[in-house]
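> Take this sequence and fold it.
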Amino acid sequence: QSADGSVVADAQSITALNSEGLPSAAELEVQVNKLAERVTKLIAAPEIEEYHGPILFEGEAASTFFADILQPHLGYKAAPLSKFGAMESQAANPFAEKIGTRVLPAFITVVDDPLSKKFGNTNILTSYLVDDDGVKAERITLVDKGILKAFAMSRVPSKTVKHSNGHGNAGSGAAQNLYMRSDMKLTPAQLKERLIVLGKEEGLKEVLIVRRLANSISGALSPQSLLSSMLGLFGKSSEVKLSGPVEIVRVSVADGHEELVRGGQFGNLSMRVLRDIEATGDDTKAYATSSAAAGALGSLSSGSACTIVTPSILVKEVELQKPSKQTDLLPILKNPYFEQNQK
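Numbering: from 1, shown residues only. Reported below is the predicted structural model:
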């Protein structure tokens, strides 16, 4: 909790195939210390102002971006037989009638490969040989050079696809192992340079880099962020909700100087944001991820846990709103542990 009463939340999750794959106690201590350092820096950082312009989503933030906006819509889920207002809207897939049309830039191809067990040195924990319906898993191309080609299918047929392709999960089709393949591979320096160029074209003095977004754990620690993500699930089917930013860096357009800032929530986005991806990096890695809303609502989301293999991405136009003015009261007494350490 910062001095103004606003809550700062972050979390570090560790994934492993079995107990032997878990880090040692010493390695875990390093991770905990890094988490503590991040949170300590965040509570001292200034709050962000309202922003509308390009954003560079680096590494892990790029994986959460795709987990929130793309992954839930690549699996086929049959429409409900009865109407329940907001629930019916939530179930509607904005990609339902988009087969054969462009949903991503022409330089991006998306493959779902449940058979792949490793990417580089990272184990793919969501890989499988047989899906929940007892069908052999298949490697499928969902998006080919920006064009939506197929859905991840279970045994439940659609108007256009009559057979399963081995992606049944809890009764619906789910894309759980997404490989984002890009023909545009820019170095981190080139991505930052392109970000600044876009900012200059928009007449901005500062542009943003997002390095971490809220996940199912950190979202639960921040009630405001979690509620915002949950409400986003019940909006119009054409709207999507992006998990709140945790680590944001403000970059000066004039000299490239970076400054850590905190707070803010993304404004309502449409699926158009996927086509606004301007460039991608050469730093592709595998991330075990899930969105804050998916983790909170479980089965309401198609495939809350997934693996996203992706590079960093530069998005041309995103809105970030000011933090809410509602804050929690600060504790009346200081924590005696910290008082003792100060002495």
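> okay, how far is it across stretch 159-170, tip to tip?
21 Å (CA to CA, to the nearest Å).
> Can you give me the buried ones in it?
V161, S164, N165, G166, H167, G168, N169 (16 or more other CB atoms under 10 Å). (C-beta placed from N, C-alpha, C; glycine too.)
> What's the end-to-end length of stretch 50-67?
Termini of stretch 50-67 sit 25 Å apart (CA to CA).
> Report the mean per-residue pLDDT for that stretch.
The average pLDDT within stretch 50-67 is 93.
> and the most centrally placed residue in the chain, what does it touch?
Closest residue to the average C-alpha location of the chain: T64 at 1.5 Å, with CA atoms, centre = their mean. Taking CB atoms under 8 Å, 6 or more residues apart in numbering as the criterion, T64 is in contact with L213, A214, N215, S243, T289, S291.
> So in terms of bridging, what pairs with the first one?
In other words, L213. Under DSSP bridges, the beta-bridge partners of L213 are P245.
> The fifth one now?
Per DSSP bridges, residues listed as beta-bridge partners of T289: C306.
> wait, what's in contact with it?
Contacts of T289 (CB under 8 Å, 6+ apart): E60, S63, T64, A67, N215, C306, T307, I308.
> Looking at these, which are in helices?
Among the contacts of T289, the residues falling in helices (DSSP state H) are E60, S63, T64, A67.
> Distance of the third one relative to T40?
To tie it back to what came earlier, the one meant is T64. According to CB to CB, to the nearest Å, T64 stands 22 Å off from T40.
> thought H52 was touching E317?
Yes. Between H52 and E317 a contact is recorded at 7.3 Å, counting by CB atoms under 8 Å.
> neighbour count winner among the two?
E317 (15 against 12; other CB atoms under 10 Å).
> Identify the residue nearest that one in space, chain neighbours excluded?
Leaving aside its sequence neighbours, E317 sits nearest to D276 (CB to CB, 6 or more residues apart in numbering; 5.5 Å).
> What about the one you found? Give its phi and psi, please.
phi -90, psi 10 (degrees, to the nearest 10).
> do A189 as well
Torsion angles, degrees, to the nearest 10, at A189: phi -70, psi -40.
> Tell me, how many residues neighbour it?
Neighbours around A189, by other CB under 10 Å: 9.
> For S19, see how far away E29 is.
On the measure of CB to CB, E29 and S19 end up 18 Å apart.
> Tell me which of these two has more neighbours.
E29 (11 against 6).
> Show me what whichever helix or strand that one is part of is packed up against.
E29 belongs to helix 25-44 when assigned by DSSP states H and E. Here helix 25-44 touches strand 245-252, going by 3 or more CB pairs under 8 Å, 6 or more residues apart in numbering; DSSP states H and E.
> Strands along the stretch 51-200 of the chain, start to end?
51-57, 108-112, 118-119, 122-123, 140-144, 147-148, 168-169, 172-173, 177-182 (DSSP state E, counting those that start in this stretch).
> Lowest-scoring secondary structure element of the chain by mean pLDDT?
Of all the helices and strands that make up the chain, helix 292-297 has the lowest average by mean pLDDT, DSSP states H and E, namely a mean of 45.
> What segments of this protein are helices?
So, for the chain - with DSSP H - the helices run 25-44, 60-69, 86-91, 188-201, 216-221, 223-232, 272-275, 292-297, 336-342.
> Make TSV from the ones in helices among the contacts of T289 and add distance to A174 to it.
Output for these, formatted as TSV (distance: CB to CB, whole Å):
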residue	distance to A174
E60	21
S63	17
T64	17
A67	12
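> Which one (most neighbours) among these?
Of these, with other CB under 10 Å as the count, A67 tops at 30 neighbours.
> Surely it and T307 touch.
No. Applying CB under 8 Å as the test, A67 and T307 come out as separate, 9.5 Å apart.
> for the stretch 151-300 of the chain, which spans come out with low pLDDT?
Scanning the stretch 151-300 of the chain for pLDDT under 70 picks out 216-238, 290-300.
> 80 instead, please
Low-confidence segments of the stretch 151-300 of the chain, defined by pLDDT under 80: 160-161, 215-240, 290-300.
> With distance to K136 as new columns, can the contacts of T289 be given to me in JSON lines?
As requested, the contacts of T289 are exported to JSON lines (distance: CB to CB, whole Å):
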{"residue": "E60", "distance to K136": "32"}
{"residue": "S63", "distance to K136": "27"}
{"residue": "T64", "distance to K136": "30"}
{"residue": "A67", "distance to K136": "25"}
{"residue": "N215", "distance to K136": "31"}
{"residue": "C306", "distance to K136": "20"}
{"residue": "T307", "distance to K136": "19"}
{"residue": "I308", "distance to K136": "23"}
